[in-house]
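*Asks:* Build the 3D model from these lines:
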Amino acid sequence: MSPEDITTQTNSDNSHDQPIHLPGSIQPYGVLIALNAELEIWQVSNNTTIYLDKQPQDLLGQPLSCLLATQQIAVIQQCLEKKIGSVTTFKVSITTIDGERYFDGIVHRTSNAVILELEPKNSDDEVSFLGFHGLVSEAIANLQNTTNLDEFLHLVATEYRKITAFDRVMVYRFAEDGAGSVVAEAKREDLSPLLGLHFPATDIPTPVRQLYTQCLHRFIPDLTAQAVQLIAQDANNTPVDLSWSGLRSVDPCCITYHQNMGVAAILVIALIKNQQLWGLISAHHQTPQHLSYELRKICEFLGQIVSSELGHKVIHSELDYEVRLKSLQSEFVELISQADNFIDALIKPQPSLLALVSATGAAVCLDHEITLVGATPNKEQVRELITWVDNHVSERLFSTDSLPKLYPEAINFKNTASGLLLLRISQIQRYYILWFRPEVLQTINWAGNPNTSRQTHIDGSVSLCPRTSFEKWQEIVQLTALPWKQCEIDNALALKNAIIGIVLSKAEELAKINQELERSNRELASFAYAASHDLKEPLRGIYNFSTILIEDYAQLLDEDGIDYLQTVLSLSVRMESLINSLLRLSQLGQTELHRQPTDLNELLNQVLDVINASRQQAQIHLLIPRPLPTIACDAVLVNEVFTNLIINAWKYNDKTAALIEIGSINPQELSNIPKNTSFTVFYVKDNGIGIQAHHYQTIFRLFKRLHSQEKYGGGTGAGLAISKKIVELHGGQIWVESSVGKGSTFYFTLGQ
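*Replies:* Predicted coordinates:
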């Protein structure tokens, strides 16, 4: 690890009293010269005597030509045209009293200066192109030949250890909260492993992580070496920005931290994925260890190759899973688009909705209707959770892997729903899909107790302290589920978009069907009215002439002839009844409701008076348990509904006395009730012959009789069809429950 450049005092958000890029000093293995725009020396490190045989005061204020030849200065001048942070390297030779000395020159531009760093160079440090190729070509080939991410990272650590000869090389990966863990390691056999250990975010604070995205490698050959101060021409000079400087000095806290780990030298290479700091390659050595600038640049170059390959490896490791999710999503959406029942399509087959985001449970909420799938909280707990969501969550897509920390009541169902992924399908109606994951107790192995890296003082300030122990320290994490992956969240969002697309498509299709249906209904109603009206006149003629034949010509006919005429009369009467029913149904299709407040008790009295007057022989015992309400309805049409239902209850009855009960109930009192029923439910209950379950829908069809014409008083079979039409005109529903031999109960609502 490299908790690089942590100052000893920091506040709670990891900001620093002294910015880490302005330390005012460098490491002693080279010389730093800060130049102004005219390439005059305005700051210099206080070790020029050692490397250049010149006192710092003799260089300050002087043009760079006092040190370098014209050709070398020209290289530095070109740097003025490059973007800030862009590094140029070249060979430098400087004449001293001991002869020519050779350096690696590293130059870059900041916002207010040109920084020249000089690192002494030995002839042994020279790496030819072939030497460079030999160092990296095999490593690159090995890295490219593996597709498994874990194997790839382990190979990275192994190859870096070969190149650097350091005691330990680790690959360190950052989590979203800034903490990290060692995901690969190559080391000396006698060293204790750090593989799998976690490190808190305070070990590598945010400002340091930001620096790693600018300067891709950091080298500290000797953590015990004394820092060298920068000397300025004027004491009030602006500090030099050392963000891109390899020589930048090391913070004392960082030094202590690594010494506590038994480390004397470190090399860190940043790994960048999608322009974000993904992790670090961190090399440790137990004794001071110098690496030439060229060798470090080889490591940096290889790090860029690793970063490039890393994107492919991570993508490849996640691709199979994402492809499987996408395949499930496509199949799922196709099922939904073809289904007649939306909820059934979501939950059947059950695994589909869960597998879509790798959940163990789900709840589909459409207004007040909640359907549960898999391992979930109970409906009441889900309903209370949705109420909390309505009040606290504004996002259309919300996820958490620790719901109890946000919603304390979730502790009661942590075993099924410590993780929540919520999809809001509609912003207007309470349409949700909630996915759940159970609590997973996780044991996190830390490299030492992470809580010891911070110390809070009485004044509220916080110190970042170098930890003294890196022995494995275990933390048990509770009330947490496996985190939701981005591809799972994307799949949930894609499902929402698909549902909206399907709903819009269905709505458009339904609108066309309704438009066509409305036209067809108008034409059918007009035809039925015209046909029934025109048929009545010839039918009346048939009836009248048959009657004349019987009355005036009966003596001319034998017994069979008279029977035939009686049959014609009977059939004409029957035909007229059917035509009247058809005419009535067609009139209902063109009828406008005249809603007005109606006392159903008075209406029912009128119905019973008419029935009793026309059917004096009827033995009816009528029971009304409680007064009926007053509602807004078309009184004439509702009178017809009650009339049809009561007459049927009397007709289809084989008991000595027909017992009929009429009343109203609250929909919550019924268990088997059609969906979305929220209005008062009226009922007519009898003790008659009953109806078999498979005829529950048949009986509401026009002219559909379950018995012969001769049984149970005849009838056209249109009464229930007309009643159904009237109920639907009111925006209501009608249905039946029955038990053969015991009786039937007809329920209906009348909208509002």
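*Asks:* ok, and what's touching stretch 409-421?
*Replies:* With contact meaning Cβ atoms under 8 Å, 6 or more residues apart in numbering, stretch 409-421 is reached by 357, 359-361, 375-378, 381, 384-385, 388, 397-404, 434-440, 479-484, 488-489, 492. The C-beta positions use only the backbone N, C-alpha and C, and glycine is treated the same way.
*Asks:* no, scratch that, I was asking about stretch 135-150
*Replies:* 127, 152, 155-156, 159, 162-163, 183-184, 298, 301-302, 305-306, 309, 313-314, 316-317.
*Asks:* on that earlier part again, what about the contacts of stretch 409-421, which are in helices?
*Replies:* 381, 384-385, 388, 403-404, 488-489, 492 (DSSP state H).
*Asks:* Wait, a strand at D104?
*Replies:* Yes - secondary structure of D104 (DSSP: H, G, I helix; E, B strand; the rest coil): part of a strand.
*Asks:* thinking again about what came up before, from the contacts of stretch 409-421, list the buried ones, please.
*Replies:* 357, 359-361, 375-377, 381, 385, 398-404, 434-439, 479-481, 483-484, 488-489, 492 (16 or more other Cβ atoms under 10 Å).
*Asks:* and the residue nearest to the spatial centre of the chain, what is it in contact with?
*Replies:* Central residue of the chain (Cα atoms, centre = their mean): I489, 3.3 Å from the mean position. By Cβ under 8 Å, 6+ apart, the residues touching I489 are 357, 397, 399, 421.
*Asks:* Buried residues, the helix or strand hosting S738. List them.
*Replies:* Per DSSP states H and E, S738 falls inside strand 734-739. Going by neighbour count (16+ other Cβ under 10 Å), the buried part of strand 734-739 is 734-738.
*Asks:* how far is the helix or strand that it is followed by from where the chain is centred?
*Replies:* Downstream of strand 734-739, the next assigned helix or strand under DSSP H and E is strand 743-748. How far strand 743-748 lies from its chain's middle: 46 Å, per Cα atoms, centre = their mean, to the nearest Å.
*Asks:* In space, what's closest to Q692 - neighbours in sequence excluded?
*Replies:* Excluding the flanking residues, the one nearest Q692 by Cβ to Cβ, 6 or more residues apart in numbering is V740, at 5.9 Å.
*Asks:* wait, the one you found sits on I691?
*Replies:* Yes - counting by Cβ atoms under 8 Å, I691 is a contact partner of V740 at 7.2 Å.
*Asks:* Export the buried residues of strand 734-739 as JSON lines, with columns for pLDDT.
*Replies:* Below are those laid out as JSON lines (pLDDT from 0 to 100):
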{"residue": "I734", "pLDDT": "88"}
{"residue": "W735", "pLDDT": "89"}
{"residue": "V736", "pLDDT": "89"}
{"residue": "E737", "pLDDT": "90"}
{"residue": "S738", "pLDDT": "88"}
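*Asks:* Reformat the residues you listed into TSV and put distance to I73 next to each item.
*Replies:* Converted to TSV, the buried residues of strand 734-739 look like this (distance: Cβ to Cβ, whole Å):
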residue	distance to I73
I734	99
W735	97
V736	102
E737	101
S738	105
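*Asks:* Closest one to A113 out of those, please.
*Replies:* A113 lies nearest to W735 out of these, by Cβ to Cβ, at 86.3 Å.
*Asks:* all helices of the stretch 301-450 of the chain, in order?
*Replies:* Using DSSP state H, counting those that start in this stretch, the helices found in the stretch 301-450 of the chain span residues 342-347, 350-355, 379-392, 403-406, 414-417.
*Asks:* So for V641, which of the ones you listed sits nearest?
*Replies:* Of these, the one closest to V641 (Cβ to Cβ) turns out to be helix 342-347, at 31.1 Å.
*Asks:* follow-up on the earlier one: mean pLDDT and distance to V610 for the helices of the stretch 301-450 of the chain - can I get that in JSON lines?
*Replies:* JSON lines is the format used below for those (pLDDT from 0 to 100; distance: least, Cβ to Cβ, whole Å):
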{"stretch": "helix 342-347", "mean pLDDT": "61", "distance to V610": "45"}
{"stretch": "helix 350-355", "mean pLDDT": "68", "distance to V610": "54"}
{"stretch": "helix 379-392", "mean pLDDT": "90", "distance to V610": "47"}
{"stretch": "helix 403-406", "mean pLDDT": "89", "distance to V610": "63"}
{"stretch": "helix 414-417", "mean pLDDT": "86", "distance to V610": "60"}
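*Asks:* Remind me which helix or strand the residue lying closest to G719 once chain neighbours are set aside belongs to.
*Replies:* Distances taken as Cβ to Cβ, 6+ apart put N644 closest to G719, at 3.9 Å, once the chain neighbours are dropped. According to DSSP H and E, N644 maps onto helix 635-651.
*Asks:* Average pLDDT for that helix, rounded please.
*Replies:* The average pLDDT for helix 635-651 rounds to 84.
*Asks:* Kindly report the same for stretch 174-189.
*Replies:* 87.
*Asks:* how many neighbours does V727 have?
*Replies:* V727: 22 surrounding residues under other Cβ atoms under 10 Å.
*Asks:* Same question for W278.
*Replies:* 17.
*Asks:* That one touches E309, doesn't it?
*Replies:* No - in this structure W278 lies outside contact range of E309 using Cβ under 8 Å: 11.9 Å.
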